[in-house]
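Trainee: Kindly generate the corresponding structure for this input.
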Amino acid sequence: MPLIQLPQLLLVMTWFAFETDSLIVGHEAKEIKAMKDQGNDARIAEIFKDAHHKEFEFKLIAKMDTYAQQDRIKFQAIRVEKINYVKHGNALLNELDKYSQKN
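Mentor: Take a look at the predicted model:
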């Protein structure tokens, strides 16, 4: 299974839409909204800065949609998880094993 690093913009657009907010930024959406309502923008900026450069595995669905005679692609995240490097490493080793047995 290939690993895809999504652009930061997509991450920011989708993280509030799912119950993975605490996984990605370490805080629930309710907490961040309360901070925003209190005017604590500096703390919110710090939270998002801490979330930069973290890698996650996203399972996405892409769907083509037509709006005002223009085609556009909509993405929806089905699942977000931390990357399991052991699992992916073992999968790569199994693939290498298959290729070495063919030769």
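Trainee: Pull the contacting residues for residue 51.
Mentor: Going by CB atoms under 8 Å, 6 or more residues apart in numbering, residue 51 touches 24-26. From N, CA and C alone the C-beta is placed, and that goes for glycine too.
Trainee: What pLDDT is listed against it?
Mentor: pLDDT recorded at residue 51 is 81.
Trainee: now residue 33
Mentor: At residue 33, the predicted lDDT confidence score is 85.
Trainee: Residue 40 - how many residues pack around it?
Mentor: Neighbour count for residue 40, taken as other CB atoms under 10 Å: 14.
Trainee: before we move on, what about residue 77?
Mentor: 19.
Trainee: Show me how far the helix or strand harbouring it is from its chain's centre.
Mentor: Residue 77 is part of strand 70-82 when elements are defined by DSSP states H and E. Taking CA atoms, centre = their mean, to the nearest Å, the mean C-alpha location of strand 70-82 is offset from the chain mean by 10 Å.
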